[in-house]
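# Return atomic coordinates for the entry below.
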Amino acid sequence: MKIHEYQAKELFKQYGIKVPESVLCEKKEDIEQIIKNFSVPCVIKAQVHSGARGKAGGVKIAKDYQNALKYADEILGMELVSSQAGAKKVNKILIEQAVDIDKELYLSLTFDRANEAISLIISSNGGMDIEETAKTSPEKIYTELIKDNFNPLETVKKIGFNDSINGQIINIINSLYTLAKEKDALLVEINPLVVTKQGEVIALDAKINFDDNALFRHDDILALKDEAEENPYELQAQKDGLNYIKLDGTIGCMVNGAGLAMATMDIIRLAGKNAANFLDVGGGASSEKIEKAFKLLISDKNLEAVFINIFGGILRCDFLAQGVKNAIQSLNINIPVIVRMEGTNKQEGADILNHSGLKFTVVNDLNEAIEVIKKI
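Down below sits the predicted model:
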């Protein structure tokens, strides 16, 4: 789960990390009053779940009140199109005190699954071009696993500051580590972490992603969820207990099992098409759950066809077929529905579909499925 920058900064403050003074604004009619009570220069920042906001025009520095009013009015309500998240409407802005920057750094903690440890990433080249630094000067980015023998001072010394600055950075690393452990965060990122000309180290940005599987332990974090920022298909899937991720292709797919889902997307690619989604209904799905899954699939208006690829084990093929039949009977479907079933009650499932009076293409194997998809 992701949260907004302003929410992440509130958490930072709870853990003793310095952030600039700021005020959240959600209504255009409040802009003038908020800015009137704020000092300039200030920064107007779009609050959306996306990186690269600055390059997309969602972060602007205002040197006077007139520019602050202008930028706030432009950004609040705009459609921000970024390289990382596509188009998002800006429903909130953060009006933040500008600081006198001497140096921009990059700092993050992320969970390294391969090593079963939190990994520290730090660079003296922070800011909007950190991705370019990673490509052209990877030696300027340092990564260390936080294990028993981890010495943050040795890592921080590599970016070349004095003892006062190093000490502040180490304190921030320790605070972020505590936050990540206590709140089950998968990523905590500050870009940029700045050193001011007055010698203070301040988090100018804040990004935190949490482990969805641990949210049952954190009602305070779950309360920060902004459903307006969620993909509507994925949000509905969560409510229906489905594992769904929206993709950019045109062939909707429904499977039972994550491995089968990945293989099915490869099959669609072999047929010259791209999957519109990842959808795993799980091993024990009922016909009612299958019906919900199918309705979710076809709510995507970009679909050219639906490919259902099921291995009947715990989920019997006749349960699948009945659920899909029920869904199609209640909906106006005008795209091909291709079904491949294998396993428990395969023939019974095929009979339900073939005798339904509805337009299904039931294929016997994956090679036949590929040939049918190629013709779409």
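
# got the buried residues for stretch 262-281?
264-265, 267-268, 271, 273, 275-281 (16 or more other CB atoms under 10 Å). Where you see a C-beta, it was placed from the backbone N, CA and C, and this is true even at glycine.

# any chance you could map the helices in the stretch 151-300 of the chain?
152-157, 163-183, 219-222, 232-240, 258-270, 287-298 (DSSP state H, counting those that start in this stretch).

# what's the closest of those to Asp205?
Evaluated over the helices of the stretch 151-300 of the chain, closeness to Asp205 peaks at helix 163-183, with 13.1 Å, by CB to CB.

# Can you classify Ala8 by secondary structure?
Assigned with DSSP: H, G, I helix; E, B strand; the rest coil, Ala8 falls in the helix class.

# residues in contact with the residue nearest to it when sequence neighbours are not counted?
Spatial nearest neighbour of Ala8, excluding adjacent residues (CB to CB, 6 or more residues apart in numbering): Ala206 at 3.5 Å. Residues counted as contacts of Ala206 (CB atoms under 8 Å, 6 or more residues apart in numbering) are 5, 8-9, 11-12, 19, 189-190.

# what's the pLDDT at Ala206?
Here the pLDDT value assigned to Ala206 is 96.

# where's it relative to Leu107, distance?
The gap separating Ala206 from Leu107 is 11 Å, by CB to CB, to the nearest Å.

# Which neighbours do the two have in common?
What both Ala206 and Leu107 touch, as defined by CB under 8 Å, 6+ apart, is the set 189-190.

# what sits against Gly349?
Residues counted as contacts of Gly349 (CB under 8 Å, 6+ apart) are 312, 316-318, 320-321, 341.

# mind listing which of the residues you listed are in strands?
312, 341 (DSSP state E).

# Export the contacts of Gly349 as TSV, with columns for distance to Cys25 and pLDDT.
Below are those laid out as TSV (distance: CB to CB, whole Å; pLDDT from 0 to 100):
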residue	distance to Cys25	pLDDT
Gly312	54	78
Arg316	54	83
Cys317	54	85
Asp318	56	87
Leu320	49	80
Ala321	53	85
Met341	54	87
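
# quick check, nearest of the contacts of Gly349 to Gly54?
Using CB to CB, Leu320 is the member of these that lies nearest Gly54, at 47.5 Å.

# Surely that closest one touches Phe311?
No. Using CB atoms under 8 Å, Leu320 is not in contact with Phe311, being 10.1 Å away.

# out of those two, which sits in the busier spot?
Neighbours around Leu320 and Phe311, counted as other CB atoms under 10 Å, are more numerous at Leu320. The numbers are 28 against 18.

# so what's the more buried one closest to, chain neighbours aside?
Leaving aside its chain neighbours, Leu320 sits nearest to Ile310 (5.0 Å; criterion: CB to CB, 6+ apart).

# how far is the helix or strand hosting the one you found from where the chain is centred?
Per DSSP states H and E, Ile310 falls inside strand 305-312. Mean C-alpha position of strand 305-312 versus that of the full chain (CA atoms, centre = their mean, to the nearest Å) differs by 26 Å.

# which ones are touching Pro336?
If you count contacts by CB under 8 Å, 6+ apart, Pro336 has them with 304-306, 359, 361, 372, 376.
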